[in-house]
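A.B. asks: Fold the following and give me the result.
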Amino acid sequence: MSWTSICVHVLVCLFGIGSWIDINGVWVELPVMVQYLPEGWSLGSYLVIIIQLANIGPLVVTLVTVFMPSKMKESAAVYAILIVGALACLLLAFLWQQTSLVSGVEHSVALLVLQFFLALVDCTSSVVFLPFMSVFKEQYMTTYFIGEGLSGLLPSLVALVQGAGAVRCVRLENLDQNTSRTNSEWVNETAYSVYPEFLPPRFPVRTFFIFLFFMMVACCTAFIILNHHPFCRSEKVFRSETKYEVVVEVKTNGVELEAYHKPAEDQNGIPFNPSEDVCTTGLMSVEGRGDPQDGHIMDDPLGCPIQDIQLSRCMYFYYLLLTGWMNGMTNAVLPSLQTYSCIPYGLGPYHLAVIFASISNPLACFVAVVLPTKSNSIISTIALTGSLLSSYIITLAALSPVPFLKSDSSGGIIMIVSWVLTILSLSYAKVTIAAIFRIEGKKALLWCGAATQIGSALGAIIMFVLINVSKVFQSAPMCS
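C.D. replies: This is a model prediction of the structure:
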């Protein structure tokens with residue numbers, strides 16, 4: 001791996017971190033903020049609704065891209081997302097505790113408004129960042145998802161150092177006079193009650209949001225370098241917008257072909273790989289491609305070699321549905337049920353499950369780099385495994401406050417392992433499918449991002465109804 005490639009991997013990772021770090025940061029800082037805000041713990045339900053309202057962003061971008069593609073400027077959209085996200089984080093650092101009266105009731109108006117802008121840019125990043133990554137070589141797509149995974153891990157680690165959500169169980173003695181009589185004398189009996197007490201954070205909320213601001217600035221800087229610096233050009237591929245020569249040889253069985261083409265040129269006519277006069281792509285199936293002269297081949301990257309098979313229409317929609325399902329689980333359903341499934345086993349297992357689950361996401365992306373696959377059966381098997389494990393977690397949450405093996409130490413261990421394997425398997429399958437859509441082209445990545453947001457939005461709405469309206473799930477006491 002060249003030095004240039006390593007630098008581009010780092011920049012892409014930083015770019016991916018900016019996709020969701022601000023929203024994830026708000027969530028991990030929630031246990032600290034609710035102690036000072038009038039909404040209390042109901043603030044989380046407000047944030048869920050605001051995030052769903054913010055899905056208007058990806059909807060508008062998708063419609064503009066599909067019906068008015070000439071009006072869609074990806075670089076401008078990315079700049080807008082990063083700048084608005086950074087400014088919102090900076091304003092939150094100073095305004096998060098400001099409240100106003102709404103219909104005679106005090107609310108955290110500044111926080112909720114700025115949260116909407118954070119949610120707007122993060123939700124929209126799913127349908128803007130992924131298509132932008134189509135201009136880079138295939139291996140960088142997995143690096144982008146590593147960064148996206150770190151967007152959840154980094155704020156969690158900072159919050160862990162801060163002590164956000166750290167709780168200790170305090171036993172309070174209550175003297176209950178005249179509760180019993182022995183030998184004609186009244187005897188005082190002591191009753192104990194245990195309640196959770198949040199520990200003060202090591203540094204204030206303002207410092208945490210300033211950290212998020214600088215992370216967004218770093219992400220924006222990485223994007224500027226990726227978009228404009230000359231050394232990143234060698235790691236890009238150019239598609240059908242450029243002019244090049246294609247020679248196609250159809251085999252005697254009519255099923256396979258060999259394609260030879262000259263390297264792509266940028267908009268200034270400079271060859272993409274000037275050291276290579278001709279690039280041989282290897283053999284590939286033409287099933288579902290139509291006439292190889294009709295331009296479909298132009299949608300493939302021009303980097304060598306190209307050895308991938310274009311998806312059939314059935315597999316294309318299957319992967320979109322699978323992407324929506326898995327993102328609905330990992331981004332909405334499982335996070336909503338984390339406390340219900342973990343707290344009954346104690347605060348220790350709960351914190352371990354949260355930390356290891358956060359680590360599992362970027363770890364799955366590293367696994368996808370070392371052990372990539374494009375096998376439909378393997379991807380489906382891994383997705384099914386993750387779905388079955390997630391059903392166990394949902395069952396634990398439904399049985400709260402008395403889930404399986406609550407009083408046994410093995411119950412907590414099984415719960416933690418289930419969380420880790422669930423996030424590992426579903427994240428690996430998501431990254432692998434995104435890499436396949438990367439080969440399909442920019443429009444495929446757009447629909448992959450749209451499926452991500454649709455699945456997440458539907459999952460969040462369903463869980464909001466089940467938790468806050470139907471009251472299906474019951475919380476276990478933190479201290480028992």
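A.B. asks: Quickly find the element holding Phe209.
C.D. replies: helix 205-228 (DSSP states H and E).
A.B. asks: Return the set of buried residues in that helix.
C.D. replies: Using 16 or more other C-beta atoms under 10 Å as the test for burial, helix 205-228 gives 205, 208-213, 215-220, 222-223, 225-227. To be clear about C-beta, it is placed using only N, CA and C from the backbone, and glycine gets the same treatment.
A.B. asks: Can you name every helix or strand that it contacts?
C.D. replies: Secondary structure elements in contact with helix 205-228, counted by 3 or more C-beta pairs under 8 Å, 6 or more residues apart in numbering; DSSP states H and E, are helix 3-17, helix 21-28, helix 30-33, helix 74-95, helix 139-162.
A.B. asks: which residues sit against the first one?
C.D. replies: Taking contacts as C-beta atoms under 8 Å, 6 or more residues apart in numbering, the residues outside helix 3-17 that touch it are 129, 133, 136, 140, 143-148, 150-151, 154, 215, 218-219, 221-223, 225-226, 231-232, 234-235.
A.B. asks: Can you mark which positions in stretch 407-424 are buried?
C.D. replies: Neighbour counts over stretch 407-424 (16+ other C-beta under 10 Å) mark Gly411, Gly412, Ile414, Met415, Ile416, Ser418, Trp419, Val420, Leu421, Thr422, Ile423, Leu424 as buried.
A.B. asks: Looking at the residues you listed, which are in helices?
C.D. replies: By the criterion of DSSP state H, membership of the buried residues of stretch 407-424 in helices covers Gly411, Gly412, Ile414, Met415, Ile416, Ser418, Trp419, Val420, Leu421, Thr422, Ile423, Leu424.
A.B. asks: Domain-wise, how is the protein divided?
C.D. replies: 1-165+204-237, 168-197, 239-299, 312-480 (automatic domain parsing).
A.B. asks: ok, of these, where does mean pLDDT dip lowest?
C.D. replies: Of all the domains of the chain, the minimum mean pLDDT falls on domain 239-299 (a mean of 39).
A.B. asks: Could you count how many residues lie near the residue lying closest to Gly147 once chain neighbours are set aside?
C.D. replies: In space, and not counting its chain neighbours, Gly147 is closest to Gly16: 2.3 Å by C-beta to C-beta, 6 or more residues apart in numbering. Per other C-beta atoms under 10 Å, the neighbour tally for Gly16 reads 29.
A.B. asks: again, but for Val402
C.D. replies: Neighbours of Val402 under the rule other C-beta under 10 Å: 10.
A.B. asks: ok, now which ones touch it?
C.D. replies: Going by C-beta under 8 Å, 6+ apart, Val402 touches Pro344.
A.B. asks: my guess is it is in a strand, correct?
C.D. replies: No: Val402 is assigned coil when assessed by DSSP: H, G, I helix; E, B strand; the rest coil, not a strand.
A.B. asks: my read: Val158 touches Phe209, true?
C.D. replies: No: counting by C-beta atoms under 8 Å, Phe209 is not a contact partner of Val158; they are 10.8 Å apart.
A.B. asks: what is in contact with those two at once?
C.D. replies: Common neighbours of Val158 and Phe209, using C-beta under 8 Å, 6+ apart, are Gly25.
A.B. asks: Any idea how far stretch 445-461 is from the middle of the chain?
C.D. replies: Centre-to-centre, stretch 445-461 and its host chain are 11 Å apart (C-alpha atoms, centre = their mean, to the nearest Å).
A.B. asks: wait, I meant stretch 320-339
C.D. replies: The chain centre lies 10 Å from the centre of stretch 320-339; the measure is C-alpha atoms, centre = their mean.
A.B. asks: Endpoint to endpoint, it covers what distance?
C.D. replies: Stretch 320-339 stretches 29 Å from its first residue to its last (C-alpha to C-alpha, to the nearest Å).
A.B. asks: That stretch: which residues count as buried?
C.D. replies: By neighbour count on 16+ other C-beta under 10 Å, the buried set for stretch 320-339 is 320, 322-339.
A.B. asks: Equivalent analysis for stretch 463-471, please.
C.D. replies: For stretch 463-471, burial by neighbour count (16+ other C-beta under 10 Å) applies to Met463, Phe464, Leu466, Ile467, Asn468.
A.B. asks: Dump those residues into CSV; add secondary structure as well.
C.D. replies: Formatted as CSV, those follow (three-state DSSP):
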residue, secondary structure
Met463, helix
Phe464, helix
Leu466, helix
Ile467, helix
Asn468, helix
